[in-house]
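**Student:** Sharing a model prediction with you, sequence too.
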Number of protein chains: 2
Amino acid sequence: MPHDPKSCLGCEAPDLAFARHDHGPCSAEALARAEAVVVARGLRLTPVRRRTLEILLEGHRAMGAYDVLERLAADGFGNQPPVAYRALEFLTNQGLAHRIQRLNAFAACMHTGEVHAPAFLICRACNHVAEAAAAPVAAALAASAAETGFAIERSTIEALGLCPACQGAA
Amino acid sequence: MPHDPKSCLGCEAPDLAFARHDHGPCSAEALARAEAVVVARGLRLTPVRRRTLEILLEGHRAMGAYDVLERLAADGFGNQPPVAYRALEFLTNQGLAHRIQRLNAFAACMHTGEVHAPAFLICRACNHVAEAAAAPVAAALAASAAETGFAIERSTIEALGLCPACQGAA
DNA sequence: CTTGACATGTTATAATATCACGCTCATATC
DNA sequence: GATATGAGCGTGATATTATAACATGTCAAG
């Protein structure tokens, strides 16, 4: 697929998050890692699951379940919602994709294999999403929770604002 | 209304977040503050809006829009979704209530008037929600975002885990 | 070659959210 | 007082997101 720099999740480096770059390698690497991770866990990256991940990687942005479903259906897979939701659930459970609550959407994980607490930066102007490093954020949250005796298992950290490009435009 | 300690959002002090306490005063104060805030902005806390806030305060927990709607309808207000959604949107815009993305639900704000970046601690066992102080968390997030040049306007910080009571039960 | 576990497909429906229109009522203006 | 104005509300219709329930297919272990 053609690379749309505006829709790029920011493959690895934080400073590339919203910057123009060639993200072809990101997709290829992510797929290879996904395969490895899944197999290592004794699970299967079936055709639907693999294709779903590819679709998320190609778009390189957050996609709704029904958008994914449309693509899957076009590729000859089932065209009913559970097909997409099941594949997406599998991927998110395995940490190969993330759910963006604010958008009711899903995005391929750009740091598969590494332990990470993802934080998402969502541009309200161009609607694109970057996955930022959030270890310090998660730590601060854990500390805050500890004051109440609350034990965190998973955290959702999402920010809405303007990406560099859209700040310039405004 | 009777005070259900298990469903308490934790009115003010962090250490009361999941602890048994009398939250009657919380509701009364929150309503009074809401009135003041809204009037100060030249806006109106109309009957539906006021009642919506009361409902959120009474439940003292996250409620779905349709739960709120049911209550409103029972009180003689309209019984179509926009009635609830509009009131909830107003309240969230004014910072009088928050939306919990993970639950597709709404909760009255416990810190009306104070500037605050809310973080929500959601117990996956008893489903109750506490609003924790998140200033350090928001700061860490802002720092992380700054690396990419992203300008944060609003952030969503939510954690799923076990509250103290449910940790004991398990 | 049968069993059992998992994955997929399909039908149906639930849950959440928004659009569009018209009415009312308070206020501002003449 | 008459009348324009606009915010707020009620309603019907519909869009969007998500899950339940069950049938069918696949494949490896025994």
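**Tutor:** Received the coordinates, thanks.
**Student:** my guess is residue A:31 is in a helix, correct?
**Tutor:** Yes: applying DSSP: H, G, I helix; E, B strand; the rest coil, one finds residue A:31 inside a helix.
**Student:** Hmm, residue A:54 and it touching each other?
**Tutor:** Yes: assessed by CB atoms under 8 Å, residue A:31 is found in contact with residue A:54 at 6.6 Å. Every C-beta, even on glycine, is put in place using the N, C-alpha and C of the backbone.
**Student:** How about the residues of chain A by DNA strand D?
**Tutor:** A:64, A:65, A:66, A:80, A:81, A:82, A:85, A:89, A:104 (CB under 7 Å from any atom of the strand).
**Student:** Now do the contacts for the fifth one.
**Tutor:** The reference is to residue A:81. A:65, A:66, A:69 (CB atoms under 8 Å, 6 or more residues apart in numbering or on different chains).
**Student:** Residue A:138 against residue A:153, yeah?
**Tutor:** No: counting by CB under 8 Å, residue A:153 is not a contact partner of residue A:138; they are 11.7 Å apart.
**Student:** on that earlier part again, what's the most distant pair in the residues of chain A next to DNA strand D?
**Tutor:** Spanning the widest gap among the residues of chain A next to DNA strand D are A:80 and A:104, at 18.2 Å by CB to CB.
**Student:** mind checking which helix or strand the residue positioned nearest the centre of chain A is in?
**Tutor:** Chain A has residue A:107 as the residue nearest its centroid, 2.8 Å off, counting by CA atoms, centre = their mean. Residue A:107 is part of strand A:105-108, with elements assigned from DSSP states H and E.
**Student:** I'd like the residues of chain A next to DNA strand D as CSV, with pLDDT, secondary structure and distance to residue A:134 appended.
**Tutor:** Shown next, in CSV, are the residues of chain A next to DNA strand D (pLDDT from 0 to 100; DSSP: H, G, I helix; E, B strand; the rest coil; distance: CB to CB, whole Å):
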residue, pLDDT, secondary structure, distance to residue A:134
A:64, 97, coil, 23
A:65, 98, helix, 24
A:66, 98, helix, 28
A:80, 97, coil, 35
A:81, 98, helix, 30
A:82, 98, helix, 31
A:85, 98, helix, 26
A:89, 98, helix, 22
A:104, 97, coil, 21
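**Student:** Can I get the buried part of those residues as one PyMOL selection?
**Tutor:** Filtering the residues of chain A next to DNA strand D down to the buried ones (16 or more other CB atoms under 10 Å in any protein chain shown) takes a single PyMOL command:
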select buried, chain A and resi 65
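**Student:** which of the residues of chain A next to DNA strand D are close to DNA strand C?
**Tutor:** A:80, A:81, A:82.
**Student:** follow-up on the earlier one: who's the residue nearest to the centre of chain A bridged to?
**Tutor:** residue A:98 (DSSP bridges).
**Student:** Now for it: which residues touch it?
**Tutor:** A:9, A:56, A:61, A:62, A:63, A:97, A:98, A:100, A:120, A:129, A:131.
**Student:** so what's the backbone phi/psi at the last one?
**Tutor:** The main-chain torsion angles of residue A:131 are listed as degrees, to the nearest 10 and equal phi -100, psi 110.
**Student:** Who has more neighbours out of residue A:138 and residue A:153?
**Tutor:** residue A:138 (22 against 9; other CB atoms under 10 Å in any protein chain shown).
**Student:** Find the nearest non-adjacent residue to the more buried one, please.
**Tutor:** Counting by CB to CB, 6 or more residues apart in numbering or on different chains, residue A:138 lies nearest to residue A:117, which is 3.7 Å off, once chain neighbours are set aside.
**Student:** Please settle this for me: is residue A:87 part of a helix?
**Tutor:** Yes: under three-state DSSP, residue A:87 sits within a helix.
**Student:** tell me, how many neighbours does the closest residue to it other than its chain neighbours end up with?
**Tutor:** Leaving aside its sequence neighbours, residue A:87 sits nearest to residue A:52 (CB to CB, 6+ apart; 3.9 Å). For residue A:52, the count of nearby residues is 31 (other CB under 10 Å).
**Student:** what packs against whichever helix or strand residue A:52 is part of?
**Tutor:** Residue A:52 belongs to helix A:47-59 when assigned by DSSP H and E. Helix A:47-59 sits against helix A:24-40, helix A:65-74, helix A:81-93, strand A:105-108, with contacts defined as 3 or more CB pairs under 8 Å, 6 or more residues apart in numbering or on different chains; DSSP states H and E.
**Student:** Count the residues that sit near residue A:143.
**Tutor:** Other residues close to residue A:143 by other CB under 10 Å number 11.
**Student:** Then residue A:92?
**Tutor:** Residue A:92 has 15 nearby residues by other CB under 10 Å.
**Student:** and if you look at residue A:31?
**Tutor:** 18.
**Student:** For it, give me the pLDDT.
**Tutor:** Per-residue pLDDT puts residue A:31 at 90.
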